[in-house]
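Peer 1: got a predicted model here, sequence first, then my questions.
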Protein chains: 2
Amino acid sequence: MAKPNIYQQVDVQCISEKYPIYIGNHLLSDHTLLQRYVAGSQVLIVTNKTIAPLYLDNVKQAFAGIQCNDLILPDGEAYKNQQSLTTIYDTLVNHHHHRDTTLIALGGGVIGDITGFAAATYQRGVAFIQLPTTILAQVDASVGGKTAINHPQGKNIIGSFHQPQAVLIDLQTLTTLPTREFRAGLAEIIKYALLVGGDFLNLLNTVLADGFTVKTPQLGDLIAQCCRIKANFVQVDEREETGERALLNLGHTFAHALEAITNYKRWLHGEAVAIGLYCAALLSYQLGHIQKSTLELVNSLLSAAKLPRRIPKDIDLSGLQALMFNDKKIKNKMLRFVLIKAPGNCYLDASVTTDCLHHVLKSAVEGETNEC
Amino acid sequence: MAKPNIYQQVDVQCISEKYPIYIGNHLLSDHTLLQRYVAGSQVLIVTNKTIAPLYLDNVKQAFAGIQCNDLILPDGEAYKNQQSLTTIYDTLVNHHHHRDTTLIALGGGVIGDITGFAAATYQRGVAFIQLPTTILAQVDASVGGKTAINHPQGKNIIGSFHQPQAVLIDLQTLTTLPTREFRAGLAEIIKYALLVGGDFLNLLNTVLADGFTVKTPQLGDLIAQCCRIKANFVQVDEREETGERALLNLGHTFAHALEAITNYKRWLHGEAVAIGLYCAALLSYQLGHIQKSTLELVNSLLSAAKLPRRIPKDIDLSGLQALMFNDKKIKNKMLRFVLIKAPGNCYLDASVTTDCLHHVLKSAVEGETNEC
């Protein structure tokens, strides 16, 4: 068996707690590391049907000496719902898990979010560990303590802030990730590049131009940098109260509505984010904030990652717009969009009119020429 | 209309927030006071079928100028479940409530707990106000930020810590409270008296001996003192981490199991707590911690409040004991009981054996002579 190897550590300092993110190879085989973050004598590993055959036994071996239960959920965003959550609660109750249990999320963003929310609310809060196995979960979902399930009418409508004890990012898990999932994860990396600009954007641009795959040598460094960027946003505004953390939602107001209108079945989250990033750039362009060249940059980054950018013709734009008003960033009944002034300079705008929004959605539809 | 009149205020200082509890008369008619704790332009009032005809219109009038929705749930502990919670979420989503909405809990402990949990988890946390209308909710459930719903196999198994913006205790609401509910509330007041002893116990003893009713002149003072006692426990251990707050669960390990085994239908929570207090005293007595006279004092306080003390013969004691092992205070697989050394001197004991517990349950059954 290959030797576990941590080569980066990012610490997240939240209001009342601090926890480490480890980035390395074969970390799921590092039993000592896994055991270090389990304080009690009970563990529930929550995973899905795709991940279980690949990694579940490996993780279970670390907890051979204590009560270790597992729960295998169906795979996909459509299952990030109340029913799956109830299954987790039932498993915990039926196996008599107490307040000193630890939940372990082994999987992508869906598993991390739902397991984190179960941990936030079982017996008013128990410990949990994130073992993200997709690039999207590694750079975004597993960091920062946002947990949630979806409501039929809106993404992440029901949730909590609940920080994990630790996040272990095993880069080896990406070798078994389907290409479509790998690309979807790149959407969040592109989002970070637009938020911070500079060297990170330049590096990503180069890597994408060369064809970004799991074999790209800079993969681990890019993931660690994304974790560091996200940790910086989270540390200054853990509960999204002052507005800084809300910038991480660049593209997401569009993406969440696109996911909801297709019942979370048509796109992977990252794919919806890719379309959302394009829409946010188009909105910024139509409001005169950015030059055509910046819109083209966003388009070319997404295109190089082989991600969708346009809204398909069959999507009902009125329905989509209505769903956007379920967004969590609404304040005083006004939608707040994260807009781009330049790479590295994004801001929260509460002045976008419904007419303007309608116009942007229309021109983002595939085949429309009034666009980049 | 009678003039609103605040005559006591208790401040609760939690880790990151401080909020007031107002105790007075006709506070539900004090529109200025109600409005002060609503920051946004949306309100959802959650209440039940018993309370709605009495007070809902009154409270709604305070929010005539903004979006004010209401939801009327069935009355009773049996409805403190996932289904009612889902109804609250659906109402919020269907009426497009945003993150700056305020939930208002108008009712007893069930309404307060479930509305508080909805507020804790809708859009990862929104504001809420407690308007407790039962003596039990006024002295206990509305103070301290514990929110929850029940799981079929255990009370308050799913929940959060989420502090309200304010608690408004309108003593007038007790005039419409059925006698059975009033008495049930006294169980929690007796609990506080056993926890702190001294003058408070003496006062309560006197009041109970005279026949404690809604007309008792010391009613408001006793409620305010209970809030102060509870606030003191909460302030030193908000999230029940160090053990101090767990003392507030005196009698509750027994009570929660009694409620669960009867599907939350047979007793009001306070009635189950009354039996639980007797069981806790009996356990303390059988372990040699208290004299017979203290056990007799507990029995006579509960008797003066016309509350049940014994476990009915038809309860399956093995099933009851099994349910106790779903308790949230379990640590390292050991049940932890709050035991009495003397009034004003209670402690958390993790050494009670299952044999000893079985013996106590058996001798607490009605008709058993091996008791007080």
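Peer 2: That came through, no problem. Residues are numbered from 1 along each chain as shown, chains lettered A, B, ... in the order given.

Peer 1: by mean pLDDT, which helix or strand of chain A comes out lowest?
Peer 2: strand A:5-13 (a mean of 84; mean pLDDT, DSSP states H and E).

Peer 1: which helices and strands sit right next to that one?
Peer 2: Packing partners of strand A:5-13 (3 or more C-beta pairs under 8 Å, 6 or more residues apart in numbering or on different chains; DSSP states H and E): strand A:18-25, helix A:219-236. All C-beta spots, glycine's among them, are computed from the backbone N, C-alpha and C.

Peer 1: what comes into contact with the last one?
Peer 2: Which is helix A:219-236. A:7-8, A:10-14, A:21, A:23-24, A:135, A:138-140, A:143-145, A:167, A:169, A:171, A:174, A:188-189, A:192, A:195-196, A:200, A:203-204, A:207, A:216, A:242, A:244-245, A:247-248 (C-beta atoms under 8 Å, 6 or more residues apart in numbering or on different chains).

Peer 1: can I get the CA coordinates of it in PDB?
Peer 2: Provided in PDB are the C-alpha atoms of helix A:219-236 (Å, rounded to 0.1, in the frame of the first residue of the first chain):
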ATOM      1  CA  LEU A 219      -3.300  20.000  -9.100                       C
ATOM      2  CA  GLY A 220      -2.500  19.700  -5.400                       C
ATOM      3  CA  ASP A 221      -1.200  23.200  -5.200                       C
ATOM      4  CA  LEU A 222      -4.200  24.600  -7.000                       C
ATOM      5  CA  ILE A 223      -6.500  22.800  -4.500                       C
ATOM      6  CA  ALA A 224      -4.500  24.000  -1.500                       C
ATOM      7  CA  GLN A 225      -4.700  27.600  -2.800                       C
ATOM      8  CA  CYS A 226      -8.400  27.300  -3.300                       C
ATOM      9  CA  CYS A 227      -8.800  26.100   0.300                       C
ATOM     10  CA  ARG A 228      -6.600  29.000   1.500                       C
ATOM     11  CA  ILE A 229      -8.700  31.600  -0.500                       C
ATOM     12  CA  LYS A 230     -12.000  30.100   0.800                       C
ATOM     13  CA  ALA A 231     -10.600  30.000   4.400                       C
ATOM     14  CA  ASN A 232      -9.700  33.700   4.100                       C
ATOM     15  CA  PHE A 233     -13.300  34.600   3.100                       C
ATOM     16  CA  VAL A 234     -14.800  32.400   5.800                       C
ATOM     17  CA  GLN A 235     -12.500  33.700   8.600                       C
ATOM     18  CA  VAL A 236     -13.600  37.300   8.100                       C
END
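
Peer 1: give the buried residues for that helix.
Peer 2: A:219-220, A:222-231, A:233-235 (16 or more other C-beta atoms under 10 Å in any protein chain shown).

Peer 1: can you tell me the centre-most residue of chain A?
Peer 2: Centroid-nearest residue in chain A: A:A141, 3.3 Å away (criterion: C-alpha atoms, centre = their mean).

Peer 1: low pLDDT regions in the stretch 251-372 of chain A?
Peer 2: Applying pLDDT under 70 to the stretch 251-372 of chain A picks out residues A:369-372.

Peer 1: hang on, the earlier thing: list only buried entries from the contacts of helix A:219-236.
Peer 2: Using 16+ other C-beta under 10 Å as the threshold, A:8, A:10, A:12, A:14, A:21, A:23-24, A:135, A:138-140, A:143-145, A:167, A:169, A:171, A:174, A:188-189, A:192, A:195-196, A:200, A:204, A:207, A:244-245, A:247-248 are the buried ones among these.

Peer 1: A:R183: which element?
Peer 2: Taking DSSP states H and E as the definition, A:R183 sits inside helix A:179-196.

Peer 1: what's that helix packed up against?
Peer 2: helix A:135-136, helix A:198-209, helix A:219-236, helix A:269-286, helix A:292-304.

Peer 1: only C-alpha atoms, please: export the fourth one in PDB.
Peer 2: Taking only C-alpha atoms (Å, rounded to 0.1, in the frame of the first residue of the first chain), the coordinates of helix A:269-286 have been written out as PDB:
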ATOM      1  CA  HIS A 269     -23.600  21.600  -9.400                       C
ATOM      2  CA  GLY A 270     -20.400  22.700 -11.000                       C
ATOM      3  CA  GLU A 271     -22.000  22.700 -14.400                       C
ATOM      4  CA  ALA A 272     -24.800  24.900 -13.200                       C
ATOM      5  CA  VAL A 273     -22.200  27.200 -11.600                       C
ATOM      6  CA  ALA A 274     -20.400  27.400 -15.000                       C
ATOM      7  CA  ILE A 275     -23.500  28.700 -16.600                       C
ATOM      8  CA  GLY A 276     -24.000  31.000 -13.600                       C
ATOM      9  CA  LEU A 277     -20.500  32.400 -13.900                       C
ATOM     10  CA  TYR A 278     -21.200  33.200 -17.500                       C
ATOM     11  CA  CYS A 279     -24.500  34.900 -16.700                       C
ATOM     12  CA  ALA A 280     -22.900  36.900 -13.900                       C
ATOM     13  CA  ALA A 281     -20.200  38.100 -16.300                       C
ATOM     14  CA  LEU A 282     -22.800  38.900 -18.900                       C
ATOM     15  CA  LEU A 283     -24.800  40.900 -16.400                       C
ATOM     16  CA  SER A 284     -21.600  42.700 -15.300                       C
ATOM     17  CA  TYR A 285     -20.900  43.400 -19.000                       C
ATOM     18  CA  GLN A 286     -24.400  44.600 -19.800                       C
END
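
Peer 1: flag every buried residue along it.
Peer 2: A:269-286.

Peer 1: one step back: contacts only, for the residue nearest to the centre of chain A.
Peer 2: Counting by C-beta under 8 Å, 6+ apart, A:A141 has contacts A:108-109, A:112-113, A:132.

Peer 1: pick the one among those closest to chain B.
Peer 2: The nearest member of the contacts of A:A141 to chain B, counting by C-beta to the nearest C-beta, is A:D113 at 11.2 Å.

Peer 1: do you know the pLDDT at the closest one?
Peer 2: At A:D113, the pLDDT value in this model is 97.
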